Each structure stands twice: as C-alpha cells, then as structure tokens.
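K.L.:
need the 3D shape of this:
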Amino acid sequence: MKPYYDLSEAVDLVSRRSNVDPETVKEVIYQFFVATAYGVSGEGKASYKGLGGLSLRKRKARKITSFGGKVYEIPERYVIHFNPEPDFVMWVNDGLPKDGPMVSRDQE
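P.N.:
Down below sits the predicted model:
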C-alpha cells in the first residue's frame, strides 16, 4: 500500500523547487502550521490567498445510533472547516488522473 502524501514528501518537493535545504524547509512548514493553528484558535479563522480559509465552527451536541442499536452521545465541540479557493481546487483537479480511478484500490 502506498502511504499518503506526508510532510517529508512536501519538504522534498519544496526543497527541490526552491533550492533551499530540507531542514530549513521543514522548519518553515512546521512554523507555518503552528502560525495557522494560532490564527484559527485565536481569531476563529485563517485565510491564505490561493489556498483557502480555515475556520472554527461550533457543532452542537448530538446523539447517534449505531447499526446495533447502541446510542452514543457526542458532546458539543468545535470543528475545523476548510473552504478552498478556486485556484487551489484547480491545482488539485489538474493533478487528478485523467483516466482510471482517483484512489488506488490498495488504499484503506
């Protein structure tokens, strides 16, 4: 099974494209994630032109019933919502396979 695209692959790609050493790229990406989390948790949202926005939404408490009939209570909580910009959606669509399945049948 092919692993999901992860931080090490992103670091490698950015490092090669920008000609910056991988350790510096890894630290910058990590700090970007930290800054984004700070923005979302502190301001309720973070937005990046070309990528999209992340925002917090409050989800009400609810009850769900499993197929076996057991009832689970899910407490009120915050969830992170991602709203992609059209450019980002276009980049993703450009990277999709033109024929065949989008997801490998080997993935779980």
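
K.L.:
mind listing what the residue sitting nearest the centre point of the chain touches?
P.N.:
Of all residues in the chain, the one closest to the mean position by Cα atoms, centre = their mean is residue 82, 7.7 Å from it. Counting by Cβ atoms under 8 Å, 6 or more residues apart in numbering, residue 82 touches 52-54. All C-beta spots, glycine's among them, are computed from the backbone N, C-alpha and C.

K.L.:
beta partners of it?
P.N.:
Beta-bridge partners for residue 82, by DSSP bridges, are residue 54.

K.L.:
could you check the pLDDT of it?
P.N.:
Looking at residue 82, its pLDDT reads 96.

K.L.:
how close does it get to residue 38?
P.N.:
17 Å (Cβ to Cβ, to the nearest Å).

K.L.:
remind me which helix or strand residue 63 belongs to.
P.N.:
strand 62-65 (DSSP states H and E).

K.L.:
starting at the chain centroid, how far to that strand?
P.N.:
26 Å (Cα atoms, centre = their mean, to the nearest Å).

K.L.:
pLDDT weak spots in this protein?
P.N.:
Confidence mapping of the chain against pLDDT under 70 gives the ranges 1-2, 100-108.

K.L.:
helices of that one, start to end?
P.N.:
7-18, 22-43, 86-95 (DSSP state H).

K.L.:
so which of the ones you listed is nearest residue 77?
P.N.:
Closest approach to residue 77 among the helices of the chain is made by helix 22-43 (13.5 Å; Cβ to Cβ).

K.L.:
which neighbouring elements make contact with the closest one?
P.N.:
Counting contacts by 3 or more Cβ pairs under 8 Å, 6 or more residues apart in numbering; DSSP states H and E, helix 22-43 is packed against helix 7-18, strand 45-48, strand 52-59.

K.L.:
buried ones in that helix?
P.N.:
By neighbour count on 16 or more other Cβ atoms under 10 Å, the buried set for helix 22-43 is 25-26, 40.

K.L.:
tabulate these (CSV), appending distance to residue 11.
P.N.:
CSV is the format used below for these (distance: Cβ to Cβ, whole Å):
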residue, distance to residue 11
25, 5
26, 5
40, 22
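
K.L.:
which of the contacts of residue 82 are buried?
P.N.:
52, 54.
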